[in-house]
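Visitor: Only the shape, not the letters, is given here:
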């Protein structure tokens with residue numbers, strides 16, 4: 001039984017992770033949740049008019065790195081909770097002290 005428990009611990013320790021913390025802005029309109037599959041992940045702030053709904057901070061594993069699909073899925077899921085229809089990344093950093101952090105802004109087009 002001990003070897004199985006050790007194997008399980010090692011397997012779980014080797015898994016990539018993407019954790020999210022969110023901050024919904026004060027004083028912005030509230031919307032019903034949207035479908036995460038309809039939320040667009042944008043490479044930059046769009047030119048179209050939009051309202052900022054809040055920030056999503058992702059904390060991700062460095063080794064192994066999570067797949068890009070998992071990162072985008074987490075961004076979509078968190079933004080959809082506020083009724084966003086898009087989200088764009090404003091900061092993506094990797095440091096030895098803090099690991100891999102990503103900050104994105106959830107938005108709703110007007």
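Guide: Nice, I can see it. Nothing here was measured: the structure is a model prediction, and the numbers come from that model. Numbers count the residues shown, from 1 in each chain.

Visitor: What's opposite residue 101 in the beta bridge?
Guide: residue 59, residue 93 (DSSP bridges).

Visitor: so it touches residue 56, yeah?
Guide: No - assessed by Cβ atoms under 8 Å, residue 101 is found out of contact with residue 56, at 11.1 Å. From N, CA and C alone the C-beta is placed, and that goes for glycine too.

Visitor: These two: which is more packed in?
Guide: Neighbour count, other Cβ atoms under 10 Å: between residue 101 and residue 56, residue 56 has more, with 26 against 14.

Visitor: what's in contact with the helix or strand containing that one?
Guide: Following DSSP states H and E, one finds residue 56 within strand 50-60. With Cβ atoms under 8 Å, 6 or more residues apart in numbering as the test, strand 50-60 has contacts from 16-25, 28-29, 31, 66, 71, 74-75, 78-79, 82-84, 86-87, 99-110.

Visitor: got it, and stretch 75-95?
Guide: 20, 22, 24, 30-46, 50, 53-54, 56, 58, 62, 100-109.

Visitor: go on, stretch 21-41?
Guide: With contact meaning Cβ under 8 Å, 6+ apart, stretch 21-41 is reached by 51-57, 59, 72-73, 75-89, 108.

Visitor: Cheers, nothing more for now.
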